[in-house]
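**Q** Give me a 3D structure for the following:
(one chain, ligands or ions: 2)
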Amino acid sequence: MERTLSIIKPDGVKKNLIGEVIKRFQDQGITVAAIKMMQLTQKQAEGFYAVHKERPFFNSLTDFMTSGPIVVMVLEGEDVIARNRKLMGATNFKEADEGTIRRDFATDIEQNVVHGSDAPETAAFEIGYFFNSMEIVG
Ligand code: ATP
Ligand code: MG
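**A** Residues are numbered from 1 along each chain as shown. Ligands and ions are numbered 1, 2, ... in the order given. As a prediction, this is how the structure comes out:
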C-alpha cells in the first residue's frame, strides 16, 4: 500500500468538481485516507511549492493557490502515486490524455484542477505538510 497527497485546486473547487474528482479516484479502487478543506495563506503556499521558487511562474502559482478554498486529501492504494498522476493527466491540459481530469476540466497550464505528489519522497513531505498521523485513517 502506498500513499500520495492530492489537492483539488481553487479552480476545481470553484467549478464544483470535488465530487467528480473523488469519484474518479474511488472508481479506480483508490481510498481516501484523510480529507480536509482549507484556504492556504501565502506563506503556506510558498512552503508547499518551495521546490518551484526559482521558476518564473512561482508568484503566479502561489497567488492562484491562495485564491480560494482547496480540498487536500491523502489517497491510499497500490501504486497510487503513479495511478493518481495517470488519472490527473499531463501538467498542460493540452498534452493530457483523453479521459484524464486535466484534459476534461482544466482550462489553463496553471489552473489545472488537481495536484498529485510525483514520487515517494515528495508524497511523504507533502502528506506531512498537511496532516499529522492521527488525521490519517488506516
Ligand atoms: P502538480 O505538482 O500540481 O501536481 P505537476 O507535477 O504536473 O503538477 P509541476 O511541474 O510540479 O506540475 O508544476 C506545479 C504546478 O505549477 C502545476 O500543476 C501548475 O499549476 C503550475 N505550472 C507548471 N508549469 C507552469 C507554467 N509553465 N506556467 C504556469 N504555471 C505552471
Ligand atoms: Mg509537481
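
**Q** beta partners for V32?
**A** Counting by DSSP bridges, V32 forms beta bridges with L75.

**Q** Show me where this protein has its strands.
**A** 2-8, 31-38, 70-77, 114-116 (DSSP state E).

**Q** The second one: which residues count as buried?
**A** In terms of neighbour count (16 or more other CB atoms under 10 Å), strand 31-38 has its buried residues at 33-35. C-beta coordinates here come from the backbone N, C-alpha and C atoms, glycine included.

**Q** nearest to I70, of these?
**A** Proximity of the buried residues of strand 31-38 to I70 (CB to CB) peaks at I35, which lies at 11.3 Å.

**Q** Which pLDDT value goes with the closest residue to the closest one other than its chain neighbours?
**A** Leaving aside its sequence neighbours, I35 sits nearest to M73 (CB to CB, 6 or more residues apart in numbering; 4.7 Å). The score at M73 is 98. That number is its pLDDT.
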